[in-house]
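Chemist: Build the 3D model from these lines:
(one chain, ligands or ions: 1)
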Amino acid sequence: MAKVHELYEYDYKTGTIRLKNKKCPRCGSIMAHHLKPVERWHCGKCGYTEYRT
Ligand SMILES: [Zn+2]
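Modeler: From the prediction side, this is the model:
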């Protein structure tokens with residue numbers, strides 16, 4: 001079982017969590033997880049956004 005800190009990176013400056021194994025389906029970059037204002041995944045490289053329902 002993997003340790004949490006090996007799977008996640010927390011960015012204190014932006015308040016985002018980066019899940020290391022979550023990749024953008026468009027460009028393959030690591031996506032950032034945002035909780036506010038709505039929970040979503042966002043790719044900072046190509047701008048792809050995936051909303052959680
Ligand atoms: Zn992307």
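
Chemist: Up against the ion, what does the protein have?
Modeler: For the chain, the contact set with the ion under CB under 5 Å from the ion comprises 24, 26-27, 29, 43, 45-46, 48. (C-beta placed from N, C-alpha, C; glycine too.)

Chemist: ok, so of those, who is nearest residue 16?
Modeler: Residue 16 has its nearest neighbour among those in residue 43, at 11.9 Å by CB to CB.

Chemist: Just give the number of residues close to the closest residue to the closest one other than its chain neighbours.
Modeler: Spatial nearest neighbour of residue 43, chain neighbours left out: residue 24 (4.0 Å); criterion: CB to CB, 6 or more residues apart in numbering. Counted by other CB atoms under 10 Å, the residues lying close to residue 24 total 20.

Chemist: show me the residues around residue 24 that make contact.
Modeler: 30-31, 43, 45-46, 48 (CB atoms under 8 Å, 6 or more residues apart in numbering).

Chemist: now it: how far from residue 36?
Modeler: The spacing between residue 24 and residue 36, counted by CB to CB, to the nearest Å, is 21 Å.

Chemist: what do you get for residue 43?
Modeler: 18 Å.

Chemist: Of these two, which one has the most company?
Modeler: Set side by side, residue 43 and residue 36 show more neighbours around residue 43, with 20 against 8, by other CB under 10 Å.

Chemist: Skipping adjacent residues, who's closest to the residue nearest the centre of the chain in space?
Modeler: With distances taken as CA atoms, centre = their mean, residue 32 lies nearest the centre of the chain, 2.2 Å away. If the residues on either side of it in the chain are set aside, residue 32 comes closest to residue 16, at 4.5 Å by CB to CB, 6+ apart.

Chemist: quick one: the one you found and residue 31 touch, right?
Modeler: No. Contact criterion CB atoms under 8 Å: residue 16 and residue 31 do not qualify, at 9.8 Å.

Chemist: Between those two, which has more neighbouring residues?
Modeler: Ranked by neighbour count (other CB under 10 Å), residue 16 and residue 31 place residue 31 first, with 24 against 17.

Chemist: what sits up against the one helix or strand the more buried one maps to?
Modeler: In this structure, residue 31 sits in strand 30-34 according to DSSP states H and E. Outside strand 30-34, the residues within contact range by CB under 8 Å, 6+ apart are 11, 14, 16-20, 22-24, 39-44, 48, 50.
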